[in-house]
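Engineer: predicted model and sequence below, questions to follow.
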Amino acid sequence: MKELDRQEVFELASPFPYVLAVTLDKRDRPNIMGLSWWMFTSWSPLMIAISVGNQRYSHECLEHHKEFVLCFPSEGQEKDAWICGTKSGRKIDKFKDTEFKAIPSKMVKPPSIEGVTVAFECKVVDRVETGDHTIYIADVVTMRGNPEQVMHLYSIHYTKLISIGSNGNIKMDLDY
């Protein structure tokens, strides 16, 4: 093994599951953030953590409303998912500027996204400052999904998306 720079390591460690976190801003306007930095932190109770840059609009949203919906975008949603990970909600309304359709959540205020593979509705219970990011730790209060949507998105070195199914199928050439 040899020492590598950050870019080489991230490329070798790819792919990373790509998810969308739906939040609300201080005016209750929904925002969608694309991210790869998330994880399960507990089985009982079921908990998830997401890491959000301190300068990001979604960070501001989470500081106002301590809830989010973590959505796994499905194959066919890659173009809009990419927009949500590369454009700021400060400048655009991501539900208006994409084909994503907001659907009411069951237990939290931020909406879910129609057609995603899985959606975890989450309530933030703690936060940890880690350098230039904040880790938001949340209880999963309910889960929903689409069993017919087995293909969801993964990020390759934060430069492109691929589709991998829970059945093991891989699709590399996504059109977005």
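Structural biologist: Yep, it's here.
Engineer: for the strand or helix carrying Val125, list the C-alpha coordinates in PDB.
Structural biologist: Applying DSSP states H and E as the criterion places Val125 in strand 118-130. What follows is strand 118-130, C-alpha atoms only, in PDB (Å, rounded to 0.1, in the frame of the first residue of the first chain):
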ATOM      1  CA  VAL A 118     -37.000   4.500   0.100                       C
ATOM      2  CA  ALA A 119     -37.900   7.500   2.300                       C
ATOM      3  CA  PHE A 120     -36.900   7.700   6.000                       C
ATOM      4  CA  GLU A 121     -38.800  10.400   7.900                       C
ATOM      5  CA  CYS A 122     -36.400  11.700  10.600                       C
ATOM      6  CA  LYS A 123     -36.500  14.000  13.700                       C
ATOM      7  CA  VAL A 124     -33.200  15.400  14.800                       C
ATOM      8  CA  VAL A 125     -32.300  14.600  18.400                       C
ATOM      9  CA  ASP A 126     -28.700  15.700  18.600                       C
ATOM     10  CA  ARG A 127     -25.900  17.500  16.600                       C
ATOM     11  CA  VAL A 128     -22.200  17.300  16.600                       C
ATOM     12  CA  GLU A 129     -19.800  19.900  15.200                       C
ATOM     13  CA  THR A 130     -17.000  18.300  13.200                       C
END
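Engineer: show me what the worst-scoring helix or strand of the chain on mean pLDDT is packed up against.
Structural biologist: Sorted by mean pLDDT, DSSP states H and E, the helices and strands of the chain end with strand 170-171, the least confident at a mean of 73. The contact analysis (3 or more C-beta pairs under 8 Å, 6 or more residues apart in numbering; DSSP states H and E) places strand 170-171 against strand 160-165. The C-beta positions use only the backbone N, C-alpha and C, and glycine is treated the same way.
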